[in-house]
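1. take a look and give me a structure for this.
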Amino acid sequence: MDKLNVALAGTFRPIFKGDMKSVLNRSIDVIKKKSVEMDFNFIPIAKGMETLTDAQAVAKQLTDAHADLIVIQNSSFADGDMILPFFSTSARLAIWAVEETTSSGPIPLNSFCATNLYMSIAGRFAGSYKRPVKWLYGDAESEIFSRRFDTTIRALTAAKKIAQSKILVVGDLISGYHDVKFDGDKLKKIFGISVEQVGLDEFYDEYAAVKGNGEISGKVNEIKKESARITVPEADIANSAKAEVAFQNIIARHRASAVTFRCWPEVPGKIALMVCSTIGRLNQTDTVAATETDVLGALSMLVLKYLSGRETVLMDLSAWDRQSDSIYIWHCGNIPKTWFDASGFTLTTHFNRTTTGVVREGKMKSGEVTALRFLEDDASVFLASGRFTDKGSPIYKGCSAWMDDLKLNGQSVKSDDYMNTLLVNAIPHHLAYVDRDITTDVNEFCAWLNIKITQPVHYQDYLQTPRKLSEGFST
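-> Take a look at the predicted model:
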């Protein structure tokens with residue numbers, strides 16, 4: 001995938017007394033180091049812009065260089081017209097105010113005032129330019145600059161990767177699963193992502209073509225080695241390995257970043273295999289794999305993966321304990337090995353198909369999590385966070401954890417409010433999870449893409465109905 005292209009240009013007004021050249025050069029050095037650490041392409045403009053003509057030339061240069069983000073550092077105060085050429089570029093913009101270089105006498109840079117000027121122009125007087133603009137502040141090595149800049153880089157890197165990604169859907173939607181329907185055109189418009197759909201026959205054909213060779217034997221050994229306990233025959237494990245190879249071949253052929261599969265009801269009868277464990281194995285690679293032909297679930301997993309660099313999972317919300325203010329996160333056995341607690345998992349049969357494997361059964365590890373679900377019909381997202389915890393029983397067959405310390409978009413809520421918000425807003429029954437609290441990064445990602453985040457709908461005994469996000473919610 002192509003890396004994010006980040007440019008930095010500085011504005012100068014020579015009449016100011018501060019050493020604006022040193023400020024810009026020092027900033028270039030710091031961002032250059034960050035570009036290596038955060039894996040983006042850096043395009044520095046070392047010569048400060050002093051006139052509108054300079055700004056026009058730089059804007060064209062950065063357009064030709066396909067800059068994704070242009071950071072305009074006000075190395076000193078400059079004319080308000082100099083922001084205007086950048087509104088004609090396709091790049092996203094950030095305006096950077098640096099700290100003053102002296103604490104008395106003539107103001108050396110007046111950088112913050114220039115940033116105030118440019119942000120106001122961008123927000124209110126930019127004509128047809130409707131994209132958001134991010135403000136930055138501080139010395140290049142300051143904490144506040146690093147926090148705001150790094151968050152932007154992670155979010156825009158994820159956005160660019162998503163726009164270059166494809167989700168492959170294998171099979172039709174499962175009967176009755178109306179809440180995982182998707183609109184590919186809307187997804188393309190919002191995220192830039194592509195969706196391709198193929199029939200189950202492609203998987204069956206690929207599965208039948210896989211031979212029991214050394215590759216299969218190697219995968220069988222890997223599967224057995226990473227399992228803490230095994231209660232299924234080795235033949236079932238070999239079939240799970242064959243399914244993994246079949247998926248990998250299909251994913252490679254279609255150049256997909258994610259796959260979502262109609263894993264039941266036909267597949268277990270057709271090939272005598274549940275692919276739950278296989279899905280977990282696929283999620284231990286660079287690929288995202290989602291069950292039950294859930295495209296928006298796969299997309300949510302991809303976004304979390306691209307923002308965090310971590311393995312993600314797709315889970316049901318299956319129980320509620322109001323007394324302990326916690327909710328129960330569960331699925332049939334389809335998660336990566338890194339998501340289980342220290343006791344690991346059992347390779348076993350499916351809870352509803354007691355003679356058919358292969359699934360992974362065990363408790364999920366404790367720790368912080370972020371939960372996510374995008375909705376394309378109104379360009380919105382359900383964003384939550386909390387902690388997975390081992391609270392004892394009940395624990396059902398499959399993979400699961402209790403989740404407490406609940407938050408909705410960073411706001412602490414009771415489980416009553418959490419469940420009410422989810423149900424009143426008709427959020428689908430799958431949520432994607434990552435084992436970090438990345439609420440800040442998700443907010444940044446959504447802000448750049450103009451995706452609205454669902455806000456808490458506080459519990460009431462009376463009927464509450466959702467309103468358009470722009471109108472707010474019932475309380």
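2. the spatially most central residue of the chain in helix, strand or coil?
-> For the chain, residue 303 is the residue whose C-alpha lies nearest the centre (CA atoms, centre = their mean; 2.0 Å). Secondary structure, DSSP: H, G, I helix; E, B strand; the rest coil: residue 303 is helix.
3. separation between it and residue 159?
-> According to CB to CB, to the nearest Å, residue 303 and residue 159 sit 9 Å apart. No exception for glycine: its C-beta is placed from N, CA and C like everyone else's.
4. cool, residue 278 as well?
-> Distance from residue 278 to residue 159, by CB to CB: 30 Å.
5. which of those two has more neighbours?
-> residue 278 (27 against 23; other CB atoms under 10 Å).
6. how about residue 259, nearest residue that isn't a chain neighbour?
-> residue 168 (4.7 Å; CB to CB, 6 or more residues apart in numbering).
7. please name the bridge partners of that neighbour.
-> For residue 168, the beta-bridge partners under DSSP bridges are residue 196, residue 259.
8. can you check residue 137 too?
-> Assigned bridge partners for residue 137, using DSSP bridges, are residue 97.
9. tell me which residues touch it, please.
-> Residues in contact with residue 137 (CB atoms under 8 Å, 6 or more residues apart in numbering) are 96-99, 112, 115, 144-145, 148.
10. from residue 300, how far out is the closest residue to residue 238 other than its chain neighbours?
-> Spatial nearest neighbour of residue 238, excluding adjacent residues (CB to CB, 6+ apart): residue 220 at 5.5 Å. From residue 220 across to residue 300, the span is 32 Å (CB to CB).
11. what about these two, which has more around it?
-> Between residue 220 and residue 300, counted using other CB under 10 Å, residue 300 has the larger neighbour count: 30 against 19.
12. helix, strand or coil: sort out residue 113 for me.
-> Assignment for residue 113 (three-state DSSP): helix.
13. and residue 186, helix, strand or coil?
-> Per three-state DSSP, residue 186 ends up helix.
14. what's the burial count for residue 284?
-> Residue 284 sits with 16 neighbouring residues when counted by other CB under 10 Å.
15. related to what we said a few turns ago, report pLDDT for the residue nearest to residue 238.
-> In this model, residue 220 is scored at 97, pLDDT.
16. touching, it and residue 236? I think so.
-> No - using CB atoms under 8 Å, residue 220 makes no contact with residue 236, being 10.2 Å away.
17. ok, the residue nearest to the centre of the chain - contacts?
-> When the contact criterion is CB under 8 Å, 6+ apart, the partners of residue 303 are 158, 162, 372, 374, 432, 442, 445.
18. ok, now which ones touch the first one?
-> It refers to residue 158. Contacts of residue 158 (CB under 8 Å, 6+ apart): 303, 306-307, 441, 445.
19. these into TSV, with extra columns for secondary structure, distance to residue 257 and pLDDT?
-> Output for these, formatted as TSV (DSSP: H, G, I helix; E, B strand; the rest coil; distance: CB to CB, whole Å; pLDDT from 0 to 100):
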residue	secondary structure	distance to residue 257	pLDDT
303	helix	11	98
306	helix	9	98
307	helix	14	98
441	helix	19	98
445	helix	16	98
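20. among those, who's most crowded?
-> Top of the contacts of residue 158 by neighbour count (other CB under 10 Å): residue 303, with 31 neighbours.
21. quick one: low-confidence ranges for the protein?
-> Low-confidence segments of the chain (pLDDT under 70): 467-475.
22. all good on my end, thank you.
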